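Trainee: Got a predicted structure here, sequence first:
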Amino acid sequence: MIIFRMKLLVALIILGVSLYFAYLVKNRILEFQFRVEKEKFPVLNILSNVAYISIAIIGVLTSLNIMGVDITTLVVGVGIIGLAVGFALKDIISNITAGIMIMLYSPFRVGEYIRVSGYEGKVVEINLRYTVIEREGSKILVPNATMFKNIITISKV
């Protein structure tokens, strides 16, 4: 019984320390918002959340392992589920990834006039999934994967 209590105490300490560390890392990443352009805030939010969740998961798995739970099957199961979800959400994930790259590299900015894949207009918004361009009163939502894979012409109007 004493060994179980010691394992539980160590597991809880490791879990608490990992969650606190995850919180610190997340806040440290979010501090960069004061140093980057406003358009890159969503990228920092995603990065901070991924860091927090990753560190928290490592802490939970380590705590479970200390308690004697065999985490091998759990990790394999999560990996298989992740693979299936990745295939199911392939297009969405590619658009989000392309959106992050567009926000980081800024090949064009809001307010510029662009032409890509037969669409042209003034960029009014760049979000994680779409780039919104406006032409003659209508808005066109161009998936970011299209923006990332095709030639973009930026015009001075």
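Mentor: Perfect, I can see it now.

Trainee: list the contacts for the residue nearest to Ser155 when sequence neighbours are not counted?
Mentor: Spatial nearest neighbour of Ser155, excluding adjacent residues (CB to CB, 6 or more residues apart in numbering): Tyr113 at 4.5 Å. Heads up, the C-betas are built off the backbone N, CA and C, glycines and all. Shown in contact with Tyr113 (CB atoms under 8 Å, 6 or more residues apart in numbering): Glu120, Gly121, Lys122, Val123, Ile154, Ser155, Lys156, Val157.

Trainee: Okay, strands next: where are they in the protein?
Mentor: Ranges of strands in the chain, per DSSP state E, are 113-116, 119-126, 130-135, 138-143, 152-155.

Trainee: Quick check: closest non-adjacent residue to the residue most central in space within the chain.
Mentor: When CA atoms, centre = their mean is applied to the chain, the residue found nearest the centroid is Ile46 (3.8 Å). Nearest non-adjacent residue to Ile46, counting by CB to CB, 6+ apart: Ile100, 6.9 Å away.

Trainee: So that neighbour sits against Leu44, correct?
Mentor: No - between Ile100 and Leu44 there is no contact under CB atoms under 8 Å: 10.4 Å.

Trainee: Where do the domain boundaries of the chain fall?
Mentor: For the chain, automatic domain parsing gives the domain ranges 2-88, 108-155.

Trainee: Figure out which of those is closest to Ile96.
Mentor: Among the domains of the chain, the nearest to Ile96 by CB to CB is domain 108-155 (5.0 Å).

Trainee: ends of that closest one, how far apart?
Mentor: 10 Å (CA to CA, to the nearest Å).

Trainee: longest helix in the protein, by residue count?
Mentor: helix 2-30 (DSSP state H).
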